[in-house]
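# Have a look at this fold, sequence not included:
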């Protein structure tokens, strides 16, 4: 297999926009993981055709019940930024906040080789939440 070159056919080539992946990690209040996961799943399903550039998302639970991850994929970061300015997002966020103690966020541009500062939002308390809960 010497000399074999791998070509990733799952990523766009050239100057096409690359998917923007948002990873939110939630620390729910004690006993609220099931309610949080149900809310995240219902919202994802409800919003999927209402959010421009939203390609979908998955919700994962830590096996010990201490946290949940929401991984959302948007066409571009601009699509995500537009989403978080909507009334629909504000309503969604207001439903999440009472269920969590804190959250963190990583913003990832899939397959991006350009050299830019990595934007990572540190874990925040629920009182310090801004537009992270997407």
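All right, it came through fine. Note that the coordinates shown come from a computational prediction; the quantities given were computed from them, not determined experimentally.

# Once you drop chain neighbours, what's closest to residue 66?
Distances taken as C-beta to C-beta, 6 or more residues apart in numbering place residue 27 nearest to residue 66, at 6.9 Å, with adjacent residues excluded. C-beta coordinates here come from the backbone N, C-alpha and C atoms, glycine included.

# residues near that neighbour, how many?
19 (other C-beta atoms under 10 Å).

# you'd agree it is in a helix?
No: assigned with DSSP: H, G, I helix; E, B strand; the rest coil, residue 27 falls outside any helix and is strand.

# Look up which residues are beta-bridged to it.
With DSSP bridges as the criterion, residue 27 is bridged to residue 102.

# center of this protein, which residue is that?
residue 22 (3.2 Å; C-alpha atoms, centre = their mean).

# what comes up buried for stretch 101-111?
102, 103, 104, 105, 107, 108, 109 (16 or more other C-beta atoms under 10 Å).

# list the helices and strands the lengthiest helix in the chain packs on?
Counting by DSSP state H, the longest helix found in the chain is helix 33-47. Applying 3 or more C-beta pairs under 8 Å, 6 or more residues apart in numbering; DSSP states H and E, we find helix 33-47 packed against strand 20-28, strand 54-61, strand 68-74, helix 87-96.

# how near is the closest residue to residue 67 other than its chain neighbours to residue 69?
Ranked by C-beta to C-beta, 6+ apart and with sequence neighbours excluded, the top spatial neighbour of residue 67 is residue 27, at 5.4 Å. The gap separating residue 27 from residue 69 is 11 Å, by C-beta to C-beta, to the nearest Å.

# list residues touching both of the two?
Here residue 27 and residue 69 share no contacting residue, scored by C-beta atoms under 8 Å, 6 or more residues apart in numbering.

# How many neighbouring residues does residue 75 have?
15.

# Please name the residues that touch it.
By C-beta under 8 Å, 6+ apart, residue 75 lies in contact with 17, 19, 20, 53, 54, 55.
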